[in-house]
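# show me how the following folds:
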Amino acid sequence: MVPEYLDGLNYALIFNEKLRNATPNNPVERYRPSDIEAIRTGSAPDRFANTNWADEILRDAPIQQHYLSFSGGSESTSFRVSTGYLSQDAIVKGKFENKRYSLGVNISSKASNWLTLDLNSNTFWARFTGPAGGPAAITGEAGIINQFQRSQPTVPAYYPNGNFGFADGSYLYPTQASLRINNPLWRGQFGDYESDNINTSNRVAVTATFLKDFSFEVSGSANINTDNVSNFSPTRLDLDWENRVILKDVLNTLSNSYDIFYRLQNENILRYQKQLGKHRINVLAGYSSIYDRNDGFSGSLQGFPSDALQEFNAGGVVNPAVIGGASEVSLQSSFGRINYNYNEKYLFEANIRRDGSSRFGANNRYGTFPSFSAGWNVDRENFMQNIKFISSLKLRGSWGISGNDRIANYIYNQTLSSTNIDYTTGNDLVVGGVALTLLSNPDVKWEETEQLDLGIDLGLFNNQLVINADYFRRNSSDILYANFPLPSTIGVSALAARNSASMFNEGVEANVGYRTNFGQVKMTLSGNVTWMADNEVTDLGPSATETIGGTTIIRIGQPLNAYYGYQKIGIFQTEEEVAAAPKQFGSNITKPGDIRYADISGPDKVPDGKIDANDRVVIGNPYPRWIYGFSAGFEFKGFDLNATLQGVGKLDRILNSNGQLPLEGDR
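Here you go, the predicted model:
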């Protein structure tokens, strides 16, 4: 849904009002009476327009998707080959193209009665082309989506002479001149960007069965992902309706980057399964290892003799720059699982795994993580057989601990920084240096989450109506946190994160499904809802301090990154109210119509008669209390119709940027 934006006339009137309110003792205006009249009548379209930028820039974005597959085989070997093509246009006008090609091959061969070979290969190539900036030209801070919402409607999309519009007539005024815009239509054509992303994943597995109940599988896989990007920003000459220069930039820029990621993985799994009457037992034991590596570099160069030359060896000589780096991570795991099933009535499973990650030092490299689950199919009990309307009833529960190693690399290791560490020798020669700026944490360890889940699955009326409900509780501990007091005498600017924080989450999930037939029409309805009863930070660690961002805070007893700001208590109605109220942010121009904020606290933790940073409080929760969804499906003689509704409730949001300051700056 696209919001409605101000037209040119109302924009000019409101902007003038903004300037008068900003300087009440010396009111000034940008748009003169003759300008207002020109906007109203459309008599000067070259200087003052009435542009609806949403209509100018947004468009329908069709998607093409094609898929072809074929399969075959013999008694001992089967195969499947599939190919795909996807093309998707951008929702904004410009020279954007986004295409994706895919190829998949799966082969399974039974070499003998006891040996099976499997091969799985998937490859895709994604190619994106567009103006300079690539995807950021659409969604970035300076991208088209943001820019068209900030562009004055008084600026023409095109001047009558065919040039893109970059400013309205007031940009020539000596005072309160309007600023140049980045015309969104121009932005969609400016420069060149090419990105080629190729990803291939291949897995080979050999499975041997022996002693009737045992099997052993060995597999190896390799995943390689490459990303090659070229970004070219040409020279620039923005002209107005009389071909006067608004902006000129004679320096063009080429930036290239290449990144490669690869993962090598090995798995070795021993399985045992046995049926003893009504008892079925499955046992699994395994070992796996993963090695990841990232390599990348980028370079940039300016000053090419022509915008048609977009290669490094084409003559650019200004501001050469290059940067590169690499990182690697390895993980090894031993794991085991036992499943027990008695007559499909009583179910039990136990898991344990021990993982070691190179992201942790020798002190805490390994972690052990157990889990258990149990289920009871109550409908299989004898006392349930006469309750005909209950088709199925299952009670289940689980408990477990999981570990997280998705943290920054090398926290445990003391590293040196070369950023802004330069030395000047006696002959004014600048020499690059290194220094210790971050104090490491050799005791960094796994973050852990303990989770309890209790659930019920109920089927009624031959499973026409199915209900699933779960209660969950999560305790996360040893979460990395880095905001601790740092004495200046230590000689470093920051501490590596410590395993000191914890969080708690609790809630209920429910799903309901219903299916029935109306003659030849099949109908399926389903709905789901999640209620987050609690979601809060429970600890930050000894001596830790709260982390306050621009509009968020990490505080014990509150959700993570809770919204933090000033408490609104109304709108000033009269000058007398303004005079009697605490001073707002040191401002002398507060007037009736401005928001009135509460004086909560001061340096001494008591109200001090002024509104400043001491008065900020928790004002909202960035996470929804309710998450819900509904879907409906109908089938009739090979045709189907589906509809989906999703939503959230009790979710707070802070309006930023365009929503918060619609007339921000002096645009």
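# so where is the stretch 401-550 of the chain shaky, pLDDT-wise?
In the predicted model, the stretch 401-550 of the chain carries pLDDT under 70 at residues 426.
# least trustworthy helix or strand in this structure by mean pLDDT?
strand 422-424 (a mean of 76; mean pLDDT, DSSP states H and E).
# does anything pack onto that one? Which helices or strands?
strand 430-432 (3 or more C-beta pairs under 8 Å, 6 or more residues apart in numbering; DSSP states H and E). From N, CA and C alone the C-beta is placed, and that goes for glycine too.
# how close does the residue nearest in space to the middle of the chain get to residue 96?
The centre of the chain sits closest to residue 139, judged by C-alpha atoms, centre = their mean, with a distance of 12.8 Å. Using C-beta to C-beta, to the nearest Å, residue 139 is found at 12 Å from residue 96.
# residue 608 too?
Per C-beta to C-beta, residue 608 is found 54 Å from residue 96.
# the two: which has the busier surroundings?
Counting neighbours by other C-beta atoms under 10 Å for residue 608 and for residue 96 shows that residue 96 has the greater number, 22 against 16.
# so who does the more buried one touch?
89-90, 128-131, 137-138, 188 (C-beta atoms under 8 Å, 6 or more residues apart in numbering).
# ok so, going back, what about the residue nearest to the residue nearest to the centre of the chain when sequence neighbours are not counted, is that helix, strand or coil?
Nearest residue to residue 139, sequence neighbours excluded (C-beta to C-beta, 6 or more residues apart in numbering): residue 145, at 5.8 Å. Following DSSP: H, G, I helix; E, B strand; the rest coil, we place residue 145 in the helix state.
# can I assume residue 531 sits in a strand?
Yes. Assessed with three-state DSSP, residue 531 lies in a strand.
# hey, what's the spatially closest residue to it that is not a sequence neighbour bridged with?
Spatial nearest neighbour of residue 531, excluding adjacent residues (C-beta to C-beta, 6+ apart): residue 508 at 4.9 Å. Going by DSSP bridges, residue 508 is paired in beta bridges with residue 471, residue 531.
# can you count the residues close to residue 508?
14.
# residue 277 and residue 342: what is the separation?
As defined by C-beta to C-beta, residue 277 lies at a distance of 9 Å from residue 342.
# out of those two, which sits in the more crowded spot?
Higher neighbour count among residue 277 and residue 342: residue 342, with 13 against 7, using other C-beta under 10 Å.
# surely the residue nearest to the centre of the chain and residue 133 touch.
No. Using C-beta atoms under 8 Å as the test, residue 139 is too far from residue 133 to be in contact (9.9 Å).
# mean confidence for the helix ranked longest in the chain?
Secondary structure of the chain read by DSSP state H shows that its longest helix is helix 8-22. The average pLDDT within helix 8-22 is 90.
# pull the CA atoms of it into PDB?
Coordinates of the C-alpha atoms in helix 8-22 are reproduced here as PDB (Å, rounded to 0.1, in the frame of the first residue of the first chain):
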ATOM      1  CA  GLY A   8       3.000  20.700  -4.800                       C
ATOM      2  CA  LEU A   9       0.700  23.400  -3.500                       C
ATOM      3  CA  ASN A  10       0.300  22.000   0.000                       C
ATOM      4  CA  TYR A  11       4.000  21.100   0.200                       C
ATOM      5  CA  ALA A  12       4.900  24.700  -0.500                       C
ATOM      6  CA  LEU A  13       2.400  26.100   2.000                       C
ATOM      7  CA  ILE A  14       3.400  23.700   4.800                       C
ATOM      8  CA  PHE A  15       7.100  24.300   4.100                       C
ATOM      9  CA  ASN A  16       6.600  28.000   4.400                       C
ATOM     10  CA  GLU A  17       4.800  27.400   7.700                       C
ATOM     11  CA  LYS A  18       7.700  25.300   8.900                       C
ATOM     12  CA  LEU A  19      10.100  28.100   8.300                       C
ATOM     13  CA  ARG A  20       7.900  30.700  10.000                       C
ATOM     14  CA  ASN A  21       7.600  28.400  13.100                       C
ATOM     15  CA  ALA A  22      11.300  27.800  13.200                       C
END
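# what helices and strands are in contact with it?
helix 33-41.
# buried residues in the helix it packs on, which are they?
For helix 33-41, the buried set under the neighbour-count rule, 16 or more other C-beta atoms under 10 Å, comprises 35-36, 38-39.
# circling back to that earlier point, among the contacts of residue 96, which ones are in strands?
Under the assignment DSSP state E, the contacts of residue 96 contribute 128-130 to strands.
# identify, from those, the entry nearest to residue 50.
Nearest to residue 50 among the ones in strands among the contacts of residue 96 is residue 130, at 29.2 Å by C-beta to C-beta.
# that closest one pairs with what?
residue 193.
# if I pick it, what's in contact with it?
By C-beta under 8 Å, 6+ apart, residue 130 lies in contact with 90, 94-97, 137-138, 188, 193.
# one more pass at 6 Å, please.
Going by C-beta atoms under 6 Å, 6 or more residues apart in numbering, residue 130 touches 95-96, 193.
# out of the contacts of residue 96, the closest to residue 232 would be?
For these, the nearest to residue 232 is residue 131 (9.6 Å; C-beta to C-beta).
# doesn't residue 651 belong to a strand?
No. In this structure, residue 651 is coil, not part of a strand, as judged by three-state DSSP.
# returning to what we had before: tell me the buried residues in the least confident helix or strand of the chain?
By neighbour count with 16+ other C-beta under 10 Å, strand 422-424 contains no buried residues.
# sheet partners, orientation included, of that strand?
strand 430-432 (antiparallel).
# that older thread, tell me the spacing between the residue nearest to the centre of the chain and residue 90.
From residue 139 to residue 90 the distance is 10 Å (C-beta to C-beta).
# can you name the element that comes right after the strand or helix carrying residue 282?
According to DSSP states H and E, residue 282 maps onto strand 279-302. Sequence-wise, the next helix or strand downstream of strand 279-302 (DSSP H and E) is strand 318-342.
# report the buried residues of the following helix or strand past that following strand.
Toward the C-terminus, strand 318-342 is succeeded by strand 346-357 as the next helix or strand (DSSP H and E). Residues of strand 346-357 classed as buried: 347, 349, 351-353, 355-357 (neighbour count, 16+ other C-beta under 10 Å).
# of those residues, closest to residue 391?
residue 347 (18.2 Å).
# nearest residue to that closest one other than its sequence neighbours?
Among residues not flanking residue 347 along the chain, residue 375 sits closest, at 3.9 Å (C-beta to C-beta, 6+ apart).
# please report how far the closest residue to residue 384 other than its chain neighbours lies from residue 344.
Leaving out its chain neighbours, the residue that sits closest to residue 384 by C-beta to C-beta, 6+ apart is residue 378, at 6.1 Å. Per C-beta to C-beta, residue 378 is found 12 Å from residue 344.
# which one's more surrounded, those two?
A direct count of neighbours by other C-beta under 10 Å for residue 378 and residue 344 places residue 378 higher, at 17 against 11.
# wait, isn't that one in contact with residue 393?
Yes. The pair residue 378 / residue 393 is scored as a contact, 4.3 Å apart, by C-beta atoms under 6 Å.
# now the residue of the chain most remote from its centre: how far from residue 346?
Largest separation from the mean C-alpha position in the chain: residue 386, at 51.6 Å (C-alpha atoms, centre = their mean). Distance, residue 386 to residue 346, using C-beta to C-beta: 21 Å.
# look up phi and psi at residue 577.
The phi/psi pair for residue 577 (degrees, to the nearest 10) reads phi -60, psi -40.
# that one: neighbour count?
By other C-beta under 10 Å, the residues close to residue 577 number 14.
# do you know the pLDDT at it?
Reading off the model, residue 577 has pLDDT 93.
# just residue 592 next, same as before
Turning to residue 592, the model gives it a pLDDT of 88.
# got any ranges where the chain has weak pLDDT?
426, 657-662, 664-667.
# hang on, the earlier thing: let's see if you can find the most crowded of the contacts of residue 96.
residue 137 (27 neighbours).
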